[in-house]
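[1] Using only what follows, build the 3D model:
(one chain, ligands or ions: 1)
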Amino acid sequence: MTSKALVVGAGAIGLRTALELLRRNVRVVLRSPEHPLHHSTCSMGAGGLWMPFHCDDPRVDSWAASTLDELLLEAKSTDDSAVEIVPTILLKRYHNGPIIENYVVAKGSEGVENSSSKVSPLPSWTSDPRLDFQHLSVEMLSWQNNVHQLRIPSQDDLVNAGYRFCWMFKPPIVDAPKKLQSMLNEVGQHPMTEDVNVKTGKYYATVREMINEAINLGCDTVVNCTGLGSRDLCSDPTVVGARGVLLHFDRTCERMEKFASMANDAAILTEEPSWASETDNCYLIPRGDVIVVGGTYLEGDNEQSIRPEEKERIIKNAQLLGVDTDKSPSIGEWTGFRPYRPTTRLELEDRADVPNGFKVVHNYGHGGSGWTVFAGAAREVASLLDV
Ligand SMILES: Cc1cc2nc3c(=O)[nH]c(=O)nc-3n(C[C@H](O)[C@H](O)[C@H](O)COP(=O)(O)OP(=O)(O)OC[C@H]3O[C@@H](n4cnc5c(N)ncnc54)[C@H](O)[C@@H]3O)c2cc1C
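    Below is the predicted model:
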């Protein structure tokens with residue numbers, strides 16, 4: 001059984017994994033070459049929305065459900081929590097789900113596009129009752145919004161843009177920088193923590209180098225939580241960076257006139273035309289003190305800064321989703337690289353070149369869902385280590 005672990009990486013995955021081990025009485029040494037709030041840490045800039053997205057591992061639903069348990073509790077814990085429950089609307093052109101099938105068939109004869117050939121099952125996470133998931137036409141959304149007063153585009157604007165349906169649910173959103181800092185504080189203050197260096201830790205070039213360091217530190221386990229860094233570290237070409245770009249606006253920014261009378265923030269997302277595509281997403285996520293507007297999902301694109309045409313498109317997204325960018329220009333921008341892998345690598349590595357009983361665990365490649373699965377994935381590491 002593991003008694004002392006070197007955890008490498010201080011993003012959402014590394015910090016939460018370190019905490020899970022500490023809470024189970026494992027001594028921990030935490031190492032990262034960069035502070036969690038450094039711009040290169042993918043977890044720092046992320047939208048923080050709980051929703052499985054570009055993470056295709058079959059275990060993702062159970063990790064996400066377990067993370068949801070934790071985030072919902074945290075959202076209710078204090079007024080100063082890093083987690084907030086925010087109504088979320090995912091815009092769709094077609095009704096790819098069974099819930100309002102009858103409604104759509106009936107309307108089909110009256111001229112609403114009847115695209116039953118495009119019906120596909122809803123993902124299983126949508127059946128979690130805690131999310132209050134609804135599959136609506138934009139007409140129904142508009143009726144409901146008489147009560148909810150969410151800052152969302154009007155029914156006419158949605159229909160004109162080609163969106164006739166939506167998913168509406170209430171997920172938690174993590175204020176990523178705040179949560180990273182609070183997890184780092186908790187690791188630093190935990191009595192089982194042996195040492196923390198998240199500023200001048202080493203960029204390990206190989207897993208072997210990481211193992212040697214762990215052995216020198218007296219650890220019997222090393223847990224690799226280096227996200228996209230694992231591409232080089234583990235010589236794993238299956239993990240690729242999926243580039244995302246976004247702009248920040250102040251949470252109290254001025255709203256476009258049509259949105260100004262509505263009182264409550266909502267997250268709004270789409271990957272479908274005419275406002276978006278699978279590679280050029282359009283989303284607005286209220287997160288802590290900022291509103292995050294994006295974005296892109298571009299695998300293998302390594303550009304570090306936002307291209308002028310991307311910036312122009314994101315400003316347009318912000319306007320479509322209600323931000324008056326003339327009166328409230330963006331206050332920041334960020335480019336990040338989601339560590340996408342066809343399946344997350346969360347496993348014990350069987351190696352012949354380590355001392356008897358020494359364990360090597362990998363926990364990387366959570367794609368666009370790191371904040372959706374971080375707690376569940378950390379628990380799985382603990383169970384692999386039998387602690
Ligand atoms: C634009 C964008 C929006 C996103 N929005 C969401 C969202 O709304 N919801 C959601 O769930 N997810 C979202 N994500 C995805 C999420 O951010 C990632 O899945 C998550 O951050 C991955 O966490 P990580 O800890 O594995 O990686 P990181 O946060 O990148 O942490 C990796 C750590 O490893 C260290 N490291 C790297 N290489 C080495 C090395 N060789 N040696 C030692 N240390 C090393 C780094 O310094 C860092 O500390 C988004 C991502 C992007 C880019």
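[2] ok, for the closest residue to the ligand within the stretch 101-250 of the chain, nearest residue in space, not its chain neighbours?
    When scored by CB to the nearest ligand atom, the stretch 101-250 of the chain has residue 229 as its residue closest to the ligand, at 2.0 Å. To be clear about C-beta, it is placed using only N, CA and C from the backbone, and glycine gets the same treatment. Leaving aside its sequence neighbours, residue 229 sits nearest to residue 9 (CB to CB, 6 or more residues apart in numbering; 7.1 Å).
[3] mind listing what the one you found touches?
    By CB atoms under 8 Å, 6 or more residues apart in numbering, the contact list for residue 9 reads 32, 224, 225, 226, 227, 229, 364.
[4] Now intersect those residues with the strands, please.
    224, 364 (DSSP state E).
[5] who wins for neighbours among the contacts of residue 9?
    Within the contacts of residue 9, residue 225 tops the neighbour count with 30 neighbours, counted by other CB atoms under 10 Å.
[6] Is it correct that that residue is in contact with residue 21?
    No - contact criterion CB atoms under 8 Å: residue 225 and residue 21 do not qualify, at 11.2 Å.
[7] tell me, what's touching those two both at once?
    Joint contacts of residue 225 and residue 21 (CB under 8 Å, 6+ apart) are residue 7.
[8] thinking again about what came up before, with the contacts of residue 9 in mind, which one is nearest to residue 310?
    Nearest to residue 310 among the contacts of residue 9 is residue 227, at 22.5 Å by CB to CB.
[9] Give the closest residue to the closest one in space, chain neighbours not counted.
    residue 339 (4.2 Å).
[10] One more: residue 285?
    Of all residues not flanking residue 285 in the chain, residue 47 sits nearest, at 4.2 Å (CB to CB, 6+ apart).
[11] so who does that neighbour touch?
    The contact partners of residue 47, taken as CB under 8 Å, 6+ apart, are 173, 176, 246, 267, 283, 285, 287, 292, 294, 371.
[12] distance of residue 366 from the ligand?
    Plainly put, residue 366 is 4 Å away from the ligand if you go by CB to the nearest ligand atom, to the nearest Å.
[13] what's the answer for residue 331, then?
    Using CB to the nearest ligand atom, we find residue 331 at a distance of 17 Å from the ligand.
[14] I figured that residue hits residue 248, correct?
    Yes - when contacts are counted by CB under 8 Å, residue 331 is listed as touching residue 248 (5.3 Å).
[15] Give me the more crowded residue out of the two.
    Between residue 331 and residue 248, counted using other CB under 10 Å, residue 248 has the larger neighbour count: 18 against 13.
[16] which non-adjacent residue is nearest residue 287?
    Distance criterion CB to CB, 6+ apart; nearest residue to residue 287, sequence neighbours excluded, is residue 48 at 5.1 Å.
[17] my guess is the one you found meets residue 290, correct?
    No - applying CB under 8 Å as the test, residue 48 and residue 290 come out as separate, 10.4 Å apart.
[18] for the residue of the stretch 101-250 of the chain closest to the ligand, what are its contacts?
    9, 203, 364.
[19] out of the residues you listed, who's nearest residue 133?
    residue 364 (29.5 Å).
[20] what's around the nearest residue to the closest one once chain neighbours are set aside, how many residues?
    Among residues not flanking residue 364 along the chain, residue 230 sits closest, at 4.4 Å (CB to CB, 6+ apart). For residue 230, the count of nearby residues is 24 (other CB under 10 Å).
[21] List the contacts of residue 230.
    Here residue 230 is in contact with 224, 236, 239, 339, 345, 362, 364, 365 (CB under 8 Å, 6+ apart).
[22] do the same with residue 57
    Residues near residue 57 by CB under 8 Å, 6+ apart: 343, 344, 346.
[23] got a winner among those for most neighbours?
    residue 344 (28 neighbours).
[24] how about that residue, what does it touch?
    55, 57, 59, 60, 363, 364, 365, 366, 367, 373, 377.
[25] Just the buried ones from those residues, in PyMOL syntax?
    Entered in PyMOL, the line below selects the buried ones among these, by 16 or more other CB atoms under 10 Å:
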select buried, resi 55+57+60+363+364+365+366+367+373+377
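[26] Now go through the contacts of residue 344 and say which are in helices.
    Under the assignment DSSP state H, these contribute 60, 373, 377 to helices.
[27] now, among these, which is nearest to the ligand?
    Closest approach between the ones in helices among the contacts of residue 344 and the ligand, by CB to the nearest ligand atom: residue 373, at 7.1 Å.
[28] per-residue pLDDT, the closest one?
    According to the prediction, residue 373 has pLDDT 98.
[29] Dihedrals phi and psi, the residue nearest to it when sequence neighbours are not counted?
    Leaving aside its chain neighbours, residue 373 sits nearest to residue 63 (3.8 Å; criterion: CB to CB, 6+ apart). Backbone torsions of residue 63, given as degrees, to the nearest 10, read phi -60, psi -40.
[30] and residue 63, how many neighbours?
    Residue 63, neighbours per other CB under 10 Å, totals 25.
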